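Engineer: what follows is a predicted structure for the sequence shown.
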Amino acid sequence: MISTFPCGFAPGFINSLYIIIPALIYYYKAIELRIQHEDYSGLGVVYDNLGDCYSKLRQIDSAKKYLEKAYKLYHKLGDGYGMVAN
């Protein structure tokens, strides 16, 4: 079964690129919107999703960067659920 998440695994790595690359574009746009609307909890989710996408692309340094940003933001907000889910 294919995941319903934007970066979910698709059959084969090449097929998953068709899902991940557009997701990355939308997530970068979402960063701007979350900051503009001061939705920092939502920003943490976006950082978490970016980390997931980069992990699936096997870009470990980028994945780590965004997962750490999400964790630090959740910690700053006192969002224990986000920290655990991350």
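Structural biologist: In hand now; what should we look at?
Engineer: phi and psi next, for residue 22.
Structural biologist: The main-chain torsion angles of residue 22 are listed as degrees, to the nearest 10 and equal phi -60, psi -30.
Engineer: typo on my end, it should be residue 57
Structural biologist: Here the main-chain torsion angles of residue 57 (degrees, to the nearest 10) amount to phi -80, psi 0.
Engineer: number of nearby residues for it?
Structural biologist: Taking other C-beta atoms under 10 Å as the criterion, the count of residues near residue 57 is 17. Placement of C-beta: from N, CA and C, glycine included.
Engineer: same deal with residue 20?
Structural biologist: By the criterion of other C-beta under 10 Å, residue 20 has 21 neighbours.
Engineer: that one contacts residue 55, doesn't it?
Structural biologist: No - between residue 20 and residue 55 there is no contact, the gap being 10.1 Å when judged by C-beta atoms under 8 Å.
Engineer: contact partners for residue 35?
Structural biologist: Applying C-beta atoms under 8 Å, 6 or more residues apart in numbering, we find residue 35 in contact with residue 43.
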